[in-house]
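[1] output the structure for:
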Amino acid sequence: MHSLRSQTLFLHLLYWTGFLWLGGCVSQTSAPQAPPTQETVLRISVQPTQDIVEQERMIVPLDAHLEKVLGQQVDFIIAKDYQDSVNMLVDGRANAAYAGVVSYLEALERGVKVKPLVAPIDQYTVRPWYRSCIIVAANSPIKSLKDLKGKRVAFVDRSSTSGYLVPFAALKQEGINPDRDFAKVVFSGTHAQSEALLAANRVDAIATNLATYNRWQKQDNLAGRLLWESQPIPHAPVLVVDDLPPQLIEKLKEAFLTTPSGIKDLMGTETVGYTLVEAEDYESIREIRHQIGLTGKGSRS
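    Down below sits the predicted model:
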């Protein structure tokens, strides 16, 4: 994975307090610009990765923080599904998005001029990356990925990075074709729904991410067992369309980099803040999609 540039919390602190350490000297940055006008309402679509009621509750403090820093209205819109979040960027209903990496790449493929702005710093890795995983019931006889042949498996959505793309690639490497080698394939729509399917014994395994699995374990919601976990993958970015006023984009960076402790990431990540990201940080996921022939395929949940 590409290294993430200009992403230490130390540099962020220096940047936003008006000083930057360069070549052994301290230089004053330019004075902050005036707040953006009220004319550009920031409309942020949110992928429904969690329970909708929970996501709505999580939005409230983040919305208040963003509006305070930006000095203007911010509207959050929870999408119907993963594909709807991309459609909102395409048709202009949203000009920013909380979206997975695959959805970001799909938006680009559909002609949206969009760029990643920030990504959450994972509480456990203290980096802007996380891990996908496959979970089975605690008492399951399944011991390896190859044992999943002929079993019932739930993915989240074809546009989910941790809930489909990365585990799909791992299965292919083991000689398993998810399109023909499983007794049943379910696309649940959210990570929470996948957990419910496994808990109810309606599937034998689910694809999700390690942070979500750990949270379920802490809450005693799932008697599950970790079957497989991926290498690090970049966290879902907050996206903005290119035609937003540059001044608003800069203020939005400031807002996310100064997010108070306790405000939760809307995609479900347990975070210690946000860091700046760039398009090149997601080339590894683009390459995976290309290698397994998924480039250009959207969600079909």
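[2] only C-alpha atoms, please: export the longest strand anywhere in the chain in PDB.
    Looking across the chain with DSSP state E, the single longest strand is strand 114-122. Written as PDB, here are the backbone C-alpha positions of strand 114-122 (Å, rounded to 0.1, in the frame of the first residue of the first chain):
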ATOM      1  CA  VAL A 114     -14.600  13.400  -7.100                       C
ATOM      2  CA  LYS A 115     -11.600  13.200  -4.800                       C
ATOM      3  CA  PRO A 116     -10.800  11.700  -1.400                       C
ATOM      4  CA  LEU A 117     -10.400  14.300   1.300                       C
ATOM      5  CA  VAL A 118      -9.800  12.500   4.700                       C
ATOM      6  CA  ALA A 119     -10.000   9.100   6.200                       C
ATOM      7  CA  PRO A 120     -10.500   7.900   9.800                       C
ATOM      8  CA  ILE A 121      -7.500   6.800  11.800                       C
ATOM      9  CA  ASP A 122      -8.200   3.400  13.200                       C
END
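[3] okay, the spatially most central residue of the chain and residue 150: tell me how far apart.
    In the chain, the C-alpha nearest the mean C-alpha coordinate belongs to residue 236, at 2.5 Å (Cα atoms, centre = their mean). Going from residue 236 to residue 150 by Cβ to Cβ, to the nearest Å gives 32 Å. (Glycine included, C-beta is placed from N, CA and C.)
[4] next one: residue 115
    On the measure of Cβ to Cβ, residue 115 and residue 150 end up 43 Å apart.
[5] just residue 129 next, same as before
    33 Å.
[6] returning to that earlier point: what about residue 115 and residue 150, which has more around it?
    Neighbours per residue, other Cβ atoms under 10 Å: of residue 115 and residue 150, the larger number sits with residue 115, 17 against 10.
[7] wait, that one sits on residue 242?
    Yes. Using Cβ atoms under 8 Å, residue 115 is in contact with residue 242, at 6.3 Å.
[8] hang on, the earlier thing: helix or strand for the residue nearest to the centre of the chain, which one?
    Element membership of residue 236 [criterion: DSSP states H and E] is none; it lies in no helix or strand.
[9] the one 4 residues further on now?
    Assigned by DSSP H and E, residue 240 belongs to strand 238-241.
[10] for the stretch 101-250 of the chain, which segments count as strands?
    For the stretch 101-250 of the chain, the strands defined by DSSP state E, counting those that start in this stretch cover 114-122, 129-130, 132-137, 152-155, 184-187, 205-209, 224-229, 233-234, 238-241.
[11] mind putting those into a markdown table with mean pLDDT and distance to residue 82?
    Output for the strands of the stretch 101-250 of the chain, formatted as a markdown table (pLDDT from 0 to 100; distance: least, Cβ to Cβ, whole Å):
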| stretch | mean pLDDT | distance to residue 82 |
| --- | --- | --- |
| strand 114-122 | 94 | 15 |
| strand 129-130 | 88 | 17 |
| strand 132-137 | 96 | 15 |
| strand 152-155 | 98 | 11 |
| strand 184-187 | 96 | 10 |
| strand 205-209 | 96 | 14 |
| strand 224-229 | 95 | 22 |
| strand 233-234 | 92 | 16 |
| strand 238-241 | 97 | 13 |
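[12] could you list the buried residues of the lengthiest helix in the chain?
    When the chain is parsed with DSSP state H, its longest helix is helix 52-70. By neighbour count with 16 or more other Cβ atoms under 10 Å, helix 52-70 contains the buried residues 55, 58, 59, 62, 63, 65, 66, 69, 70.
[13] who touches the fourth one in this structure?
    Read it as residue 62. Residue 62 is in contact with 76, 259, 263, 264, 266, counting by Cβ atoms under 8 Å, 6 or more residues apart in numbering.
[14] sec struct for the second one, please.
    Three states are possible here, and by DSSP: H, G, I helix; E, B strand; the rest coil the one that applies to residue 259 is coil.
[15] also the fourth one?
    Under the three-state scheme (three-state DSSP), the conformation of residue 264 reads as coil.
[16] any regions of the chain where pLDDT drops low?
    Scanning the chain with the threshold set as pLDDT under 70 gives 1-39, 221, 295-301.
[17] how about the helices in it?
    9-16, 52-70, 82-91, 101-109, 166-173, 191-199, 210-218, 246-257, 283-291.
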